[in-house]
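A.B. asks: the amino acid sequence is not available; the structure is as follows:
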């Protein structure tokens, strides 16, 4: 869809949809990409939806879209390692606030990092063994 990310009103609507979904415990899913044959375009749309607006899923309408969407929605490897380390420290601290790499983390960020580990698990990204064992991933 042309200008689906650039038009200010559409960008605002996307951000509000994600915020409303997350506030109500719903996984926000982005609309389909109309491009059927260019996997780079599908990947770019999915990556923008994830990184710029916070969508956690994206619909596909053609089998060739699935792999680029899954790839774009994956957390990066360093985020997975950090997520595992933060959650392990948090569990050791009985889920109280912790410090990691000079930043404060608490239950709000633990939810974010838990979702990163879950996304890693379902998209096939390796999770550190101790985190896999402790959290049943």
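C.D. replies: Perfect, I can see it now. What you see is a predicted model; the values in this text were computed from it and never measured.

A.B. asks: buried sites along the lowest-mean-pLDDT helix or strand in the chain?
C.D. replies: Within the chain, no helix or strand scores below helix 107-123, which has a mean of 86 by mean pLDDT, DSSP states H and E. Across helix 107-123, burial judged by 16 or more other CB atoms under 10 Å covers 109-110, 113-114, 116-121. The way it works is simple: take the backbone N, C-alpha and C, and place the C-beta from them, glycine included.

A.B. asks: how about stretch 36-47: buried residues?
C.D. replies: Along stretch 36-47, these residues count as buried under the neighbour rule (16+ other CB under 10 Å): 39, 42-47.

A.B. asks: pull the most distant pair out of these.
C.D. replies: Comparing all pairs in the buried residues of stretch 36-47 by CB to CB, the longest separation belongs to 39 and 47, at 12.0 Å.

A.B. asks: who touches stretch 16-28?
C.D. replies: 53-57 (CB atoms under 8 Å, 6 or more residues apart in numbering).
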